[in-house]
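Asker: Following is a predicted model, sequence given first.
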Amino acid sequence: MESLRIVEIGGGPRERGLAHGRALAPAISRFFDRYMQWAEESTPAIDGRDLIAYTMSLLPESRTQAPDLVTEVEAIAEGSGLPFEHLWFLNCFDETGGYLLYKGLSGARACTTFAATGHSTTDGSTILGQTWDISEWFDSVLLRIAPADDEIGALVYTHPGVVGGMGINAAGLALVWNSMQPRDASTGVPVPFLVRMALRQPKLTDAIPAVLRPIRAIGFNFIVATADGAANVEASARRRHVTYIGRHFAHANHYESAELLELEGNANYEGSSFVRSGRMKQLLDESAGHINVETCQRFLRDHAHYPASICAHPDLPAASHHTQAAIIFVPTEKRMLLTEGPACTAEFVEQNLVSGSVPA
């Protein structure tokens, strides 16, 4: 894992993409090559060409639903000097879960998310957080997106060449993301595009339809929050369930709503997912009324039920993922606190929407 890169992008879709691609060309090339290596070394081996072909099937619908973001990906390819197909594949990294399910394989999905608000926090403010758990060769990037006609300005945590992961915008709207593996994956818009669509919205009531109206390629779980509160959006490619969060809530990588249970495809990771979401709910329950930023940092360092713990570390050969970053958002203050690596060893650093960072 390389140190976190912060990339300033602005202007229209083409200008943003060119700046992204030029700044991160070597990292994007390395990311793609390492993904293909992972596919080749998997058991059984996965043909990288099949993965690329699968993700290319999502392009026509994406061009219809989000043409500006397709343009941004095209410009990232141009700026980096790499084939568009490589960049498109990277932006569909989560959608490869649909291909793996089709092939009878399991994809590691391991992030834990939570929100606390209202009477659960010490001052009634809303706090949102997550562990971003993934293989260490997914280098971390923070995009600082300047305001433009189609952007209100945002900080977006992601990977080289990928337009979205999780973040907070200039209106104080924040989003965290759990990967899901539903059985109804189809052609549609990739999840990183939906993240960016949400982070263009000033209000919770705008962000929820922004992620549910497009035709989706796969499922996701988003917790979206503003200073006034939070909502959990659990979705497959064709179904959805939205829950308003009155006090606190946690989620991991399995479906919880009755409408979606029959679509669960992530069976090999149920044990870890159930334990992590349950443990986070336990921590929230135990601290309700006393939750603040420091309490949330403690949650993200938790090792109960290790190795199926909130703070994740490689458990070879079963799992190679670890907590690449732990993130806390405070929408009222438009604050983002971010670690480089597991929260048990890495310091939380505040990242600002304008420039610079300071220890939290």
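Answerer: That came through fine. Residues are numbered from 1 along each chain as shown.
Asker: Now do the buried residues in the biggest helix by length in the chain.
Answerer: Longest among the helix segments of the chain by residue count, using DSSP state H, is helix 13-41. Across helix 13-41, burial judged by 16 or more other CB atoms under 10 Å covers 13-21, 23-25, 27-29, 31-32, 35-36, 39. From N, CA and C alone the C-beta is placed, and that goes for glycine too.
Asker: Equivalent analysis for stretch 140-159, please.
Answerer: Quick answer for stretch 140-159 (16+ other CB under 10 Å): 140-146, 151, 153-159.
Asker: helices and strands around the longest helix of the chain, which ones?
Answerer: Taking 3 or more CB pairs under 8 Å, 6 or more residues apart in numbering; DSSP states H and E as contact, the helices and strands that helix 13-41 lies on are strand 5-9, helix 48-56, helix 67-80, helix 84-91, strand 141-145.
Asker: By mean pLDDT, show me the worst of those.
Answerer: Among those, helix 48-56 has the lowest mean pLDDT, at a mean of 93.
Asker: Might you calculate how far it sits from the centre of the chain?
Answerer: With CA atoms, centre = their mean, to the nearest Å as the basis, helix 48-56 stands 21 Å off its chain's centre.
Asker: hang on, the earlier thing: distance to residue 166 added to the helices and strands packed on helix 13-41, as a markdown table?
Answerer: Output for these, formatted as a markdown table (distance: least, CB to CB, whole Å):
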| stretch | distance to residue 166 |
| --- | --- |
| strand 5-9 | 15 |
| helix 48-56 | 21 |
| helix 67-80 | 16 |
| helix 84-91 | 15 |
| strand 141-145 | 11 |
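Asker: low-scoring pLDDT stretches of the chain, where are they?
Answerer: Applying pLDDT under 70 to the chain flags the ranges 1, 102-109, 267-270, 316-320, 355-360.
Asker: Three-state assignment for residue 253, please.
Answerer: Three-state call for residue 253 (DSSP: H, G, I helix; E, B strand; the rest coil): coil.
Asker: Ignore what I typed, I meant residue 233.
Answerer: Secondary structure of residue 233, per three-state DSSP, is strand.
Asker: what are the bridge partners for it, then?
Answerer: Per DSSP bridges, the residues bridged to residue 233 are residue 222, residue 242.
Asker: from what I can see it touches residue 222, true?
Answerer: Yes - counting by CB atoms under 8 Å, residue 233 does reach residue 222; the two are 4.5 Å apart.
Asker: Mutual contacts of these two, please.
Answerer: Residues within reach of residue 233 and of residue 222 at once, by CB atoms under 8 Å, 6 or more residues apart in numbering, are residue 211.
Asker: So which of the two has more stuff around it?
Answerer: Set residue 233 next to residue 222 and count neighbours by other CB atoms under 10 Å: residue 222 wins out with 26 against 20.
Asker: Now that the more buried one has come up, it's in contact with residue 198, right?
Answerer: Yes - at 7.0 Å, residue 222 counts as touching residue 198 under the criterion of CB under 8 Å.
Asker: overlap in contacts of these two?
Answerer: Common neighbours of residue 222 and residue 198 (CB under 8 Å, 6+ apart) are 175, 211.
Asker: Next, the contact list for the residue nearest to residue 138 when sequence neighbours are not counted, please.
Answerer: In space, and not counting its chain neighbours, residue 138 is closest to residue 159: 5.1 Å by CB to CB, 6 or more residues apart in numbering. The contact partners of residue 159, by CB under 8 Å, 6+ apart, come to 31, 90, 93, 138, 139, 140, 141, 165.
Asker: out of these, which one sits closest to residue 113?
Answerer: Set against residue 113, the nearest of the contacts of residue 159 by CB to CB is residue 165 (12.5 Å).
Asker: for the nearest residue to the closest one once chain neighbours are set aside, which residues make a bridge with it?
Answerer: Computed as CB to CB, 6+ apart, the closest residue to residue 165 that is not its neighbour in sequence is residue 158, at 3.7 Å. Beta bridges link residue 158 to residue 141, judged by DSSP bridges.
Asker: if I look at residue 158, how far off is residue 261?
Answerer: 30 Å (CB to CB, to the nearest Å).
Asker: What of residue 62?
Answerer: Distance from residue 62 to residue 261, by CB to CB: 28 Å.
Asker: between those two, which one's more packed in?
Answerer: residue 62 (24 against 10).
Asker: just to revisit the earlier point, please report the distance of the residue nearest to residue 138 from residue 272.
Answerer: Taking CB to CB, one finds residue 159 at 22 Å from residue 272.
Asker: Measure how buried residue 239 is and give me the count.
Answerer: 17.
Asker: oh, I was asking about residue 259
Answerer: Other residues lying near residue 259 total 12 when counted by other CB under 10 Å.
Asker: Got phi/psi on it?
Answerer: In terms of degrees, to the nearest 10, the main-chain angles of residue 259 are phi -70, psi -20.
Asker: try the one 3 residues further on
Answerer: Backbone dihedrals for residue 262, given as degrees, to the nearest 10, come out at phi -70, psi -10.
Asker: gap between it and residue 181?
Answerer: 13 Å.
Asker: before we move on, what about residue 293?
Answerer: Distance, residue 293 to residue 181, using CB to CB: 32 Å.
Asker: So the two - more neighbours on which side?
Answerer: A count of neighbours by other CB under 10 Å puts residue 181 above the other of residue 293 and residue 181, at 26 against 18.
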